[in-house]
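Undergrad: here is my input; please provide its structure:
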Amino acid sequence: MQVGEHSDRSGRVTAYIALGANLGDAASAILQAMQALDHLPLTRVTQRSGLYKTAPIIDGESASLSAGPDYINAVVALETGLVAPVLLRQLQQLEQAAGRERPYRNAPRTLDLDLLLYGSGRIESHALTVPHPRMAQRAFVLVPLAEIAPDLVSAAQLEAVVSQGIERSGWLTG
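TA: Purely as a prediction, here's the structure:
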């Protein structure tokens, strides 16, 4: 699928978004972000995982812990008519509205929204790579994704991240 294409005749596609926060009231930030995602143009949230608590991890082979409080994470499925680059811009605007700052890589954050999957699309550009290039390395993505879309996550993928600490923290309400 090319960046401007859709996967069905209606012009709508299912996209999966990972949500994370570890500054301020992280659970509230996740809930507010889910509500904001549901109000994006041509978009509605169709599924939401529960909340998961994880320690911050720096990407890379060592997967060593970084500074900062634990994260609250979740994944949502969206049905959207937005093309992937426009959806990405909307996600970045929501992050900014939540006070997201990027002082350095893997810095603690008020809100992090990652576009994991966009239908069956494969996108590689300077601004966007889909499927998300590190999603298979992250328990905080795979576990909540498997909760709402078990056919998208294999047992082998879950086994590969079993050593990463992840704890079910509850369900979202509202």
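
Undergrad: rest of the way, CA atoms for contacts and neighbours
TA: Will do.

Undergrad: just the helices in this structure please.
TA: Under the criterion DSSP state H, the chain contains helices at 26-38, 84-97, 139-148, 155-160.

Undergrad: pLDDT (mean, whole number) over the shortest one?
TA: Confidence over helix 155-160, taken as the mean pLDDT, stands at 96.

Undergrad: gap between it and the chain center?
TA: For helix 155-160, the separation from the chain centroid amounts to 19 Å (computed by C-alpha atoms, centre = their mean, to the nearest Å).

Undergrad: quick one, strands of the protein?
TA: Listed from the start of the chain, the chain has strands (DSSP state E) covering 13-21, 43-48, 51-54, 71-80, 112-118, 123-124, 129-130, 166-170.

Undergrad: export the ones you listed to TSV and tack on distance to Ala136?
TA: As requested, those are exported to TSV (distance: least, C-alpha to C-alpha, whole Å):
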stretch	distance to Ala136
strand 13-21	12
strand 43-48	19
strand 51-54	16
strand 71-80	14
strand 112-118	10
strand 123-124	17
strand 129-130	12
strand 166-170	15
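
Undergrad: by mean pLDDT, show me the worst of these.
TA: It's strand 166-170: among the strands of the chain, that one has the lowest mean pLDDT, namely a mean of 87.

Undergrad: quick check: buried residues in it?
TA: Of the residues in strand 166-170, those scored as buried under the neighbour-count criterion (16 or more other C-alpha atoms under 10 Å) are Ile166.

Undergrad: just to revisit the earlier point, out of the helices of the chain, deepest packed?
TA: Mean neighbour count, computed with mean count of other C-alpha atoms under 10 Å, is highest for helix 139-148 among the helices of the chain, reaching a mean of 22.
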